[in-house]
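# predicted model follows, preceded by the sequence.
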Amino acid sequence: MAFFRSIISFFLSVLITVISFIAPPAGEKLTDKTNNYKFTVDASQTGNVLANPASNVNVWSIDGNPFVNAKASDEYNIFEFVNYVQLMQCTGGSVERDLFKDPLDRSVLDDYDFTKLIENCRGVLELGAKPMLKLGSVPLKYSTNSTGDNYFETNIFPPDDYDVYYNYIHAITEALVAEFGKEEVLSWRFGVMTEYENSAWFIAQSGDPDETATAYCKLYDYTVAALTDVLGNDVFVGAHSMTVTEGLWDEKIFIEHCASGTNYKTGEKGTRICYLSASFYDACPGEFTSGYTLPETIAYLRKCAEDAGLENLIFGIDEGRILEGNARGADDSQLLSRTVGYTYQAAYDARLYAQMFNNGINYFSSWGFLSNGLLDGNPTVAYHVASNAAKFDGSKLAKTEKADEGYIYKAEVDAVSAYNEETKTLHIMAYNFKNDVEYSSSADLEFAVKAPQLGGEKVKVTAYVIDDNCNYFDDWVEDRKTYNIGDECFGWSPDDPQIDAITTLKDSAAREIYFNELYDKYAECSKLEPKSYEAEVINGEIILDITLAPNAVVFYEITEA
């Protein structure tokens, strides 16, 4: 009996300790303490200059000429903040992408036809962006045993003759210079393959990892040589790996080759490289990736580069976000835009952008931001977050600390700030995130802000709050019940905010309801209305406070009054 009394006594003491730890001072409510988060921001203490994290978008292919005579949205033009369009696999790998008059005629290896590539590059330029061309995928007729009968429906094998492949890339580069001029093409970016260590994209005929690594290093060298022989040594070129999860071989092999290996084309030491990028996908809302986190993914590439002696590279993410929705369509649970429409996506993206700002990650290339696709449609919450995060470009990271942290279970309530010396603007981004679409706890945030650069007794504060009030998707979810639009009406996951006839909303009757009866209403639901006011500077501090709804985000812009 004494033993049981001692056990009970022990657990009571533990319980009292826990209660004393979380109990608020007399007169305060426990919920106030639980949901309260306080931050200090000091704009006089700054660090690295930040880049626009939303500067890139990626397009699977140029089949169908997506940029020929293309027009961006008048009201929500993504090219106000998107600088580069990544054209993936744009020079080969399938009958549709190989740039020849007859891609299947293996008796003629130089019947080039670059019309499609040139016209789509022109379209990108007319939209106000620059092409980022992913070269490297080998045309079908350049490789023995190539069929394209695989996961990505592409040729996964190296060229039989690297000089024939070199001539192809060299001719492409010459054609681009002839059309647009050398100075213009030098302002573009180039990559060599997508996820180069992913065996579903590239593998030696033998399947051997070491032989595959060698084949890719050789492919990279020949590609870069073709570019530099036309454009000179200032060409911006690099490579995109998976890294977030393990590939067939270690990226370190390639990085060390670029730094100090013998160039397979020139015979000289090393190969030009300007950036290293990776993919970053989480599995679905509620389930993070089983691989590296975003900071860990880039940290691995950066360490490999630094250990190899490579300097002044930029690091980014060339594709990613969320692979699958929680709901499944008739054919698949994948997300076409790799985002969900729920407000969850707003805080998810803000969290990624904060990690990028704090870890020196240059950009995160997205599949889209609007409801109709890349160029048109109502804005999603991902658009609202990206367009505001892009304003951090050119600002210096400001000291931001969490002075008091609440106790919302598994929530990530955090903030990041940056000061722009040129515009005299302090930017703050804060979010209330939990990896759960059904998250239901609001968070009370308070900021004590020092910005002596702004001077005066008052400042102007503009707040952009991204929550259900600027998101049409919650209305769409309810309207689907009213109109009996079930999951079976969709091809892929109905959690996706992007609507198209091929992959997402396949049911024609449902599409008619969406576009003819609901679309205009959703345009109103999607509007983000900022609020501006003056705040006093008291004892050198500006006090801001806000209650953020679950998975909501706020952006503050603070300027001279």
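In hand now; what should we look at?

# contacts, neighbours, all on C-alpha from now
Fine.

# kindly provide the distance from residue 325 to residue 336.
10 Å (CA to CA, to the nearest Å).

# what about residue 108, distance to residue 313?
For residue 108 relative to residue 313 (CA to CA), the value is 39 Å.

# err, residue 183, not the other one
22 Å.

# what's the closest non-adjacent residue to the spatially most central residue of the chain?
Centroid-nearest residue in the chain: residue 364, 3.1 Å away (criterion: CA atoms, centre = their mean). The shortest distance from residue 364 to any non-neighbouring residue, by CA to CA, 6 or more residues apart in numbering, is to residue 317 (4.6 Å).

# dump the residue contacts of that neighbour.
277-280, 363-365 (CA atoms under 8 Å, 6 or more residues apart in numbering).

# in strands, which of those residues appear?
Using DSSP state E, the subset of these located in strands is 277-280, 363-364.

# nearest to residue 455, of the contacts of residue 317?
Proximity of the contacts of residue 317 to residue 455 (CA to CA) peaks at residue 363, which lies at 32.7 Å.

# report the contact partners of that closest one.
Here residue 363 is in contact with 51-56, 315-317, 356 (CA under 8 Å, 6+ apart).

# these in strands, which ones?
56, 315-317.

# need the buried ones from those selected in ChimeraX.
Selection of buried members from these for ChimeraX, criterion 16 or more other CA atoms under 10 Å:
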select :56,315,316,317
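
# please report the distance of the residue nearest to residue 194 when sequence neighbours are not counted from residue 352.
Leaving aside its sequence neighbours, residue 194 sits nearest to residue 240 (CA to CA, 6+ apart; 5.5 Å). As judged by CA to CA, residue 240 and residue 352 stand 19 Å apart.

# between the two, which one's more packed in?
Counted by other CA atoms under 10 Å, residue 240 and residue 352 do not tie: residue 240 has more neighbours, with 24 against 17.

# in a helix, the more buried one, correct?
No: remark: residue 240 does not belong to a helix; assigned using DSSP: H, G, I helix; E, B strand; the rest coil, it is strand.

# quick check, it in contact with residue 198.
No: look at residue 240 against residue 198 with CA atoms under 8 Å: they stay out of range, at 10.3 Å.

# so which elements touch the longest strand belonging to the chain?
Using DSSP E to define each element, the chain has its longest strand at strand 36-49. On a contact count with 3 or more CA pairs under 8 Å, 6 or more residues apart in numbering; DSSP states H and E, strand 36-49 meets strand 396-404, strand 412-420, strand 443-450.

# what about residue 460, how many neighbours?
Applying other CA under 10 Å, I find that residue 460 has 16 neighbouring residues.

# let's verify it: helix, strand, or coil?
strand.

# pLDDT wise, what is it at?
What the model reports for residue 460 is a pLDDT of 98.

# quick one: residues contacting it.
Residue 460 neighbours (CA under 8 Å, 6+ apart): 532-535, 558-561.

# do residue 113 as well
99-101.

# quick one: which of those sit in strands?
Per DSSP E, those never map to strands.

# of those, which is the nearest to residue 382?
Closest to residue 382, out of all of these and judged by CA to CA, is residue 99, at 34.5 Å.

# number of residues surrounding that closest one?
Residue 99 - counted by other CA under 10 Å - has 24 other residues nearby.

# quick one: the helices in the stretch 101-250 of the chain?
115-126, 162-180, 182-186, 209-231 (DSSP state H, counting those that start in this stretch).

# tell me the buried residues in the longest one?
Taking 16+ other CA under 10 Å as the neighbour-count basis, helix 209-231 is seen to contain the buried residues 209, 212-228, 230-231.
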